[in-house]
Every structure is written in C-alpha cells, then in structure tokens.
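S.K.: I would like to see how this sequence folds:
(chains A and B)
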Amino acid sequence: MQTGKTLLNQAQFTLTIERLCHQLLEDWDDFSNACIIGIQPRGVLVANRIYKRLKELTGREDIEFGKLDITFYRDDFRMPEGPLAPHPNEINFIVTDKKVLLVDDVLYTGRTIQAALSALQHYGRPLAVELLVLVDRRFNRHLPIQPDYVGISVDAVDEAYVRVRWQELHGGDEILLFDKK
Amino acid sequence: MWAMNFCYLIKNNPSSRCALRRVNDPKMKALSTRHLIGIKNITEEDIQLIFETADNFKEVINRPIKKVPSLRDITVANLFFESSTRTRVSFELAERRLSADTVNFAASSSSVSKGETLLDTVNNILAMKIDMVVMRHPAPGACVYLSSRIPANIINAGDGTHEHPTQALLDAFSIREKLGDVAGKKVAIIGDILHSRVALSNVFCLLKLGAKVRVCGPPTLIPKHYAELGVEVSYDVRETLRWCDVANVLRIQLERQDIKYFPSLREYHQYFGINRQMLDELDREIVIMHPGPINRGVELTSDVADGPHNIILQQVENGVAIRMAVLYLLAAKQ
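M.R.: Numbers count the residues shown, from 1 in each chain, chains lettered A, B, ... in the order given. Below is the predicted model:
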C-alpha cells in the first residue's frame, strides 16, 4: 500500500485549525451577520471543526452553520462510470445580505468552488463570500479562484494527490501527500 | 418576501444517514437499465437508488429557486399519444427543474392523424438530435418496440394497460415517506385492476420492496390469474380496508371498457366506493392514495378526497421528484 508524505501531523493540524479560527475572529468580529457553509462531503468536516472552535472562542451558540451540496452544479456530471452521488443540503437560514464563509478541504482546480458559488446563488444574494480551505494546491488551478484563508499551501505535480484524514473517520487528524493514484 | 419565509426541510432526510459513508466515494451505482420501460425490468437496488436520488430532488423543488443545471445539455421529447394532465405536466416540470430543453408532442395535432407510423414519428423527432424520449401510448409494449429501434433513452409514461413505472415509483416513495418503509406494509389496490397499468406497476414495485399486496374490486375487473403475481385477491372492500395500512384507490377506466363490467356507476359506488363513514369505523387510521384523476362520488366521496386520511397531493409533489431522479439517472447512461 502506498504511504504518503505527512504534510501536517495531529499536533500541527490542531494548531492550523486554531490559527484559522483566530484569523477569522480578527476579520469577522463576532459572526453576527455571517454564516459558515461547508461544501459536501469533505468541506463539511473542516467546517464542523472551525464552527465548534469558534463557538468556544466567541461563547456564541447561534453562529449559523450550513452544508451545501454541489453535485447538481458540477460541470462533470455525466462521468463515464456512472452518476455522481448527491449529499444532503442543510441550510436552514437565509443567506441574503449575510457574509458567507465557504469552507472546503482541498482547493485544487477551483471547479468545486465554481459549482459552490452557482449553488449558493439559489439560496439568496449574500453580502459577500469568502473562501477558507485547509489545503491550497496553488499551481493546479483551472479557474481564477483564490482562497482568502489557507491552512497549508502545497506545491505538487498534477499526478500527486492530497488526502485529509479525520479523527471521526480514520482515528486521527493528518494531511498526507501521495505521489500518484 | 420569499427570502423571509422559507426554510429547508432536510432534517429527516433518510439520505443524510448515509452521508458519512459516501464521503470518500462521489460516484454511486448506476441504474441497471438505460430505459425505464416497466418496474418488471428493474431491480430492487434500482428502485432504492431512485428513491435516494429523489430525496435530494425533493429538497430542490422546495427551494425558492427550484432549478439545478444538471441536464442543461439534454433535450427531452414528451410524446403523449393519449390525454394526460398530471403525468405530462409532472414530466415537463421535472425536465425544466433540471434545466433540460423540452419538446412537447400531442398526437391529435401531429402527422399521426395523417397516418404516420410510430417509428417514423419518433425517428423524425430524433433526427433533430433529441436525447431522451418520454412516451405515453395506448398500445401495450409500444416502448419495448421502440427501445430496440432508437438510440435515445426511453421513459414509459404509460403504455395502454401494461405499465406506468413512474407512477408506481412515486406511490411507493409516498408510502415510504408517510410510513417510514415499504417492507412489511399491507397495501390494498382497489378498483379497476383489469384495465389499470398503475395497478400492475404498483404490484411489481411493492412486491420487490417487500410489501404485502392485495387487490380488491368487482370480479369482472380483476384478471383471472392475478393471484399468480403473488398478491391476495378480495371482492370485499370493507374487509380489505380493515386489513390494509394503505389503500391505493384506482379510477374506473371507462375509456378502456369495451363492454359493461358492472351495472352502473351508482352500483359500483355502493359496493366498492369509499366514504368517510367507512374510514371512521376502522379501528386505526389508514392512508388513502389515488393516482388521479378522481371520479368523485364513484371510487371516493368528496369528504375522503378532501379529507385528512389521504396523501393524494403529496403523491403529485413526489411525482416531480421521482421523475427528476429518473431523468438524472438515465441521462448518466447516455
């Protein structure tokens, strides 16, 4: 089995999440007119961590949090192997006139974020949208999309891929880089 | 303002239970067929896949902006050789919600009235680069005939007295939504079984999902060997209502009856019609369904058709979600 190169171990992972939360607090105050939306499926895991930590730091239980599924907005819907499995949308609030923090795990080509922006339009007209990603693969972009908050930047060839492992699913938090699939 | 009044209903979405399992697997199983001709030809896994996909589309059709761009590069032709309200509008809405382009064809205003054959009609339409065909035709087997002769995906919207697969899927989906699961439930299909494509598709679908099925109606309107399908047969509607959890009541299909199968509509209603008093006399609440259009005062009285026991309008809403799911999954088989 291929073993990946560890980009962030457990301790570094926790520190990165902490740093991102403090950056957000610096720019977003107390999230009173804002919401956090995680992109299904893996962006939701990042968004959950950020959301829980922000609740502890601000003392607020009413920060709005949602999950956005972009399956029906993707431009690669008719893949040869079969249809793409959709995930649930859970956005129980209005995004109109709110600042939206879109959260995903890995920013690669930017096509997922493009689909997410299209999907978000169907939920209202946000005041502004900012992007937080755990991993930014800086030089693999297909579209002019850049993150506002970055956990770690990774420079890798197209064949390489990044995997984020989670305590909830894999028994530990870490980010790994694999040479090829 | 719409923005002030909406909220999303996904808390009880069954597919959210599977979300974590699918985190690392964006692709799902495809349908085992590239046409939807009948429930007889699809598997239980296909039906569950359609239901899971329809759960997501039900959320889409409850948003203020009820559209997703998934089928923006697909053109669908709706060929209706028989009259229809619900099915035609439901399919057209499903296609538009998926951003597909739609072309509507009504036999009465076409060259069919000049004697053009079915295959010529369809081939001429397909020459204009249509990707999918939704067809309702009075001849049983019309969709099977076409499926081996044209390249487009075909969805059967009802072929004579044979099958109406999307109706059966939305009926079973509605039962699942109302009662949690179809398996183990007792479902009665009451009415004109002989001429009903809805009845046959429902029997196939419900049996595949593990329900117990009973058909009930006048002996003249239940085919002779129907029990061989694996269903019970009854001629007593009151006893059937006491037995069942769900009663799917069918319309008397007068337009398909070449001879008289019962003395009068009044007598049919006396023996097989359902009224509010009959439901109140039961020791528990049952669910009433009807595929529409309702002959008020014949199979159902107005106090049942408009009463609290039925989920008729939920069936209509679910029909759009089911048809979106079928179109989405079949488009992936292009």
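
S.K.: ranges for the strands of the stretch 151-300 of chain B?
M.R.: Ranges of strands within the stretch 151-300 of chain B are B:153-159, B:186-190, B:212-216, B:232-234, B:246-249, B:287-289, based on DSSP state E, counting those that start in this stretch.

S.K.: Quick one: work out the angle between the third one and strand B:186-190.
M.R.: Computed by axes from the mean of the first three to the mean of the last three Cα atoms, to 10 degrees, the angle separating strand B:212-216 from strand B:186-190 equals 20 degrees.

S.K.: can I have strand B:212-216 written out in PDB, keeping just the CAs?
M.R.: Extracted as PDB, the C-alpha positions of strand B:212-216 are listed here (Å, rounded to 0.1, in the frame of the first residue of the first chain):
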ATOM      1  CA  LYS B 212     -47.900  -7.400   1.200                       C
ATOM      2  CA  VAL B 213     -50.300  -6.600  -1.600                       C
ATOM      3  CA  ARG B 214     -54.000  -7.300  -2.000                       C
ATOM      4  CA  VAL B 215     -56.200  -6.300  -5.000                       C
ATOM      5  CA  CYS B 216     -59.800  -5.700  -4.400                       C
END
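
S.K.: Relative to that strand, what are the paired strands and their orientations?
M.R.: Sheet pairing of strand B:212-216 (DSSP bridges) gives strand B:186-190 (parallel), strand B:232-234 (parallel).

S.K.: Quick one: residues contacting B:Glu232.
M.R.: Listed by Cβ atoms under 8 Å, 6 or more residues apart in numbering or on different chains, the contact set of B:Glu232 reads B:Lys212, B:Val213, B:Arg214, B:Val215. For glycine as for every other residue, the C-beta is placed from the backbone atoms N, C-alpha and C.

S.K.: let me fix that: B:Arg86
M.R.: B:Pro291, B:Gly292, B:Pro293, B:Val316, B:Gly319.

S.K.: and if we set it to 7 Å?
M.R.: Applying Cβ atoms under 7 Å, 6 or more residues apart in numbering or on different chains to B:Arg86 gives the contacts B:Gly292, B:Val316, B:Gly319.

S.K.: So for the first one, what's the pLDDT?
M.R.: Yep, that's B:Gly292 we're talking about. pLDDT recorded at B:Gly292 is 84.

S.K.: Against B:Ser84, how distant is it?
M.R.: 10 Å (Cβ to Cβ, to the nearest Å).

S.K.: For the stretch 151-300 of chain B, which segments count as helices?
M.R.: B:165-179, B:197-208, B:237-243, B:265-272, B:276-280 (DSSP state H, counting those that start in this stretch).

S.K.: Those: lowest mean pLDDT?
M.R.: helix B:265-272 (a mean of 88).

S.K.: and it, how far from the chain's centre?
M.R.: Distance, stretch centre to chain centre, for helix B:265-272: 26 Å (Cα atoms, centre = their mean, to the nearest Å).

S.K.: just checking, what packs against that helix?
M.R.: On a contact count with 3 or more Cβ pairs under 7 Å, 6 or more residues apart in numbering or on different chains; DSSP states H and E, helix B:265-272 meets no helix or strand.

S.K.: That helix: which residues count as buried?
M.R.: B:Tyr268, B:His269, B:Phe272 (16 or more other Cβ atoms under 10 Å in any protein chain shown).

S.K.: quick check, nearest of those residues to A:Leu57?
M.R.: B:Phe272 (67.3 Å; Cβ to Cβ).

S.K.: For that closest one, give me its contacts.
M.R.: Applying Cβ under 7 Å, 6+ apart, the residues contacting B:Phe272 are B:Ile190, B:Gly217, B:Pro218, B:Val237.

S.K.: Sketch out the low-pLDDT regions of the chain for me.
M.R.: This is for chain A. For chain A, applying pLDDT under 70 flags the ranges A:1-2, A:77-82, A:181.

S.K.: not what I meant, chain B
M.R.: B:1-28, B:107-113, B:253-259, B:334.

S.K.: centroid residue for it?
M.R.: Centroid-nearest residue in chain B: B:Gln167, 0.5 Å away (criterion: Cα atoms, centre = their mean).

S.K.: who touches the nearest residue to that residue once chain neighbours are set aside in this structure?
M.R.: Nearest non-adjacent residue to B:Gln167, counting by Cβ to Cβ, 6 or more residues apart in numbering or on different chains: B:Val198, 5.0 Å away. By Cβ under 7 Å, 6+ apart, the residues touching B:Val198 are B:His164, B:Gln167, B:Ala168, B:Leu250, B:Pro291.

S.K.: again, only using 10 Å
M.R.: Shown in contact with B:Val198 (Cβ atoms under 10 Å, 6 or more residues apart in numbering or on different chains): B:158, B:161, B:163-165, B:167-168, B:171, B:189, B:191-192, B:248, B:250-251, B:253, B:290-292.

S.K.: picking up where we left off before, now the helices of the stretch 151-300 of chain B as JSON lines including distance to B:Pro151?
M.R.: Shown next, in JSON lines, are these (distance: least, Cβ to Cβ, whole Å):
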{"stretch": "helix B:165-179", "distance to B:Pro151": "21"}
{"stretch": "helix B:197-208", "distance to B:Pro151": "25"}
{"stretch": "helix B:237-243", "distance to B:Pro151": "45"}
{"stretch": "helix B:265-272", "distance to B:Pro151": "45"}
{"stretch": "helix B:276-280", "distance to B:Pro151": "49"}
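
S.K.: Contact partners for B:Gly210?
M.R.: Shown here is B:Gly210, whose contacts under the criterion Cβ under 10 Å, 6+ apart are B:Glu44, B:Asp181, B:Val182, B:Ala183, B:Gly184, B:Lys185.

S.K.: List only buried entries from the residues you listed.
M.R.: With burial judged by 16+ other Cβ under 10 Å, the buried subset of the contacts of B:Gly210 is B:Val182, B:Lys185.

S.K.: Just the closest of the contacts of B:Gly210 to chain A, please.
M.R.: Among those, B:Glu44 lies closest to chain A (Cβ to the nearest Cβ), at 18.0 Å.

S.K.: Spatially nearest residue to that closest one (excluding sequence neighbours)?
M.R.: For B:Glu44, the spatially nearest residue (Cβ to Cβ, 6+ apart) is B:Lys208, at 4.7 Å.

S.K.: hang on, A:Leu134 in a strand?
M.R.: Yes: counting by DSSP: H, G, I helix; E, B strand; the rest coil, A:Leu134 is located in a strand.

S.K.: Make sure it is actually in contact with A:Gly151.
M.R.: Yes: A:Leu134 is in contact with A:Gly151 according to Cβ atoms under 10 Å; the separation is 4.1 Å.

S.K.: First-to-last residue distance for stretch B:70-78?
M.R.: Length of stretch B:70-78, first residue to last, Cα to Cα, to the nearest Å: 19 Å.

S.K.: for stretch A:162-176, that is, sorry about that
M.R.: 6 Å.

S.K.: Same question for stretch A:133-146.
M.R.: First-to-last residue span, stretch A:133-146, Cα to Cα: 10 Å.

S.K.: And that stretch, how far out from the chain middle?
M.R.: 12 Å.

S.K.: Does that stretch reach chain B?
M.R.: No: judged by Cβ under 10 Å from any Cβ of the partner chain, stretch A:133-146 stays clear of chain B, getting no closer than 14.4 Å.

S.K.: tell me which residues of that stretch are tucked away?
M.R.: Buried residues in stretch A:133-146 (16+ other Cβ under 10 Å): A:Val133, A:Leu134, A:Val135, A:Asp136, A:Arg137, A:Asn140, A:Ile145.

S.K.: For B:Ala211, see how far away the first one is.
M.R.: Think A:Val133. 47 Å.

S.K.: Then A:Thr6?
M.R.: On the measure of Cβ to Cβ, A:Thr6 and B:Ala211 end up 52 Å apart.
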